[in-house]
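**Q** give me coordinates for this.
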Amino acid sequence: MQPTVMTSRKQLLEIFDKNVGAARAAISKASDEDMHKTFTLLNGGKTFFSMPRIEVLRGMILNHVIHHRGQLSVYLRMNKVPVPSIYGPSGDEGSM
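**A** Below is the predicted model:
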């Protein structure tokens, strides 16, 4: 696989939005039975781990995104950039 080389912010956001839409559609179509099937992460034929898809979605994907949102908010605060609302009003928005 060759990663896409981003040439602009617009391109990055377009690809991100397209992939978010595709992921949401796939997740909404998946049955409980589909989500409990085993997912196996491989690299060159070597198994890294196997677990139910629902655990991968929550543990490896959603928790990872949440972790990086936290990192981003710390980075913004350290650079004196107002932290936007992530899970509700931010103290930097002046509405609290």
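**Q** name all residues that make contact with T4.
**A** Applying CB atoms under 8 Å, 6 or more residues apart in numbering to T4 gives the contacts I15. Using the backbone N, CA and C atoms, a C-beta is placed for each residue, glycine as well.
**Q** is it true that P52 touches E33?
**A** No: in this structure P52 lies outside contact range of E33 using CB atoms under 8 Å: 10.8 Å.
**Q** what helix or strand is the spatially most central residue of the chain on?
**A** In the chain, the residue lying closest to the centroid (CA atoms, centre = their mean) is V65, at 4.1 Å. Counting by DSSP states H and E, the element that carries V65 is helix 63-78.
**Q** mind listing what's buried along that helix?
**A** Within helix 63-78, the residues scored as buried using 16 or more other CB atoms under 10 Å are S73.
**Q** repeat for stretch 34-53
**A** So stretch 34-53, judged by 16+ other CB under 10 Å, has zero buried residues.
**Q** who touches that stretch?
**A** 30, 54, 56-57, 59.
**Q** can you give me the end-to-end span of that stretch?
**A** 8 Å (CA to CA, to the nearest Å).
**Q** report the mean per-residue pLDDT for that stretch.
**A** Taken as a whole, stretch 34-53 has a mean pLDDT of 96.
**Q** thinking again about what came up before, from the contacts of stretch 34-53, which land in helices?
**A** The members of the contacts of stretch 34-53 that map onto helices under DSSP state H are I54.
**Q** from the contacts of stretch 34-53, which would you call buried?
**A** 56-57.
**Q** can you add distance to L13 and give the contacts of stretch 34-53 back as TSV?
**A** Output for those, formatted as TSV (distance: CB to CB, whole Å):
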residue	distance to L13
A30	26
I54	29
V56	26
L57	23
G59	27
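**Q** need the max-distance pair from the contacts of stretch 34-53.
**A** A30 and G59 (16.4 Å; CB to CB).
**Q** now flag whichever of the contacts of stretch 34-53 is closest to K10.
**A** Out of the contacts of stretch 34-53, the member with the shortest distance to K10 (by CB to CB) is L57, at 28.7 Å.
**Q** that closest one and V65, how far apart?
**A** 11 Å (CB to CB, to the nearest Å).
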